[in-house]
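Quick one: sequence plus predicted model below, questions after.
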Amino acid sequence: MASPTRSEGKIFYQCVWCNKIFEKEKLSRVAETRCPYCGFNVIMKAKPFRAKLLVTSELTKEQRILTG
């Protein structure tokens with residue numbers, strides 16, 4: 001399945017039990033906390049498949065060689 005992104009304005013959820021990813025539109029109004037595939041009652045918002053790069057400190061080239 002394509003990676004879940006919010007740039008399209010869509011919200012994706014993932015079932016904790018079967019790990020299927022689905023759009024918010026797949027949820028019914030009656031059972032908004034149940035997976036539409038397996039019926040399990042715990043879902044979470046899907047996380048994107050790409051990593052975030054966090055810069056915590058600026059190291060010199062010499063420090064990178066020593067710590068790497």
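Alright, I've got the coordinates.

got any ranges where the chain has weak pLDDT?
Applying pLDDT under 70 to the chain flags the ranges 1-8, 30-31, 49, 68.

quick one: the strands in it?
Assigned by DSSP state E, the chain shows strands spanning 12-15, 21-23, 43-45.

export those strands to TSV and tack on distance to Arg29?
C-beta: built from backbone N, CA, C; applies to glycine. Output for those, formatted as TSV (distance: least, CB to CB, whole Å):
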stretch	distance to Arg29
strand 12-15	15
strand 21-23	15
strand 43-45	15
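
hey, which of these is tucked in deepest?
Stretch with highest mean neighbour count among those: strand 12-15 (a mean of 19; mean count of other CB atoms under 10 Å).

quick revisit: quick one, which of the strands of the chain gets closest to Thr33.
Closest approach to Thr33 among the strands of the chain is made by strand 43-45 (6.3 Å; CB to CB).

Who are the packing partners of that closest one?
Counting contacts by 3 or more CB pairs under 8 Å, 6 or more residues apart in numbering; DSSP states H and E, strand 43-45 packs against strand 12-15.
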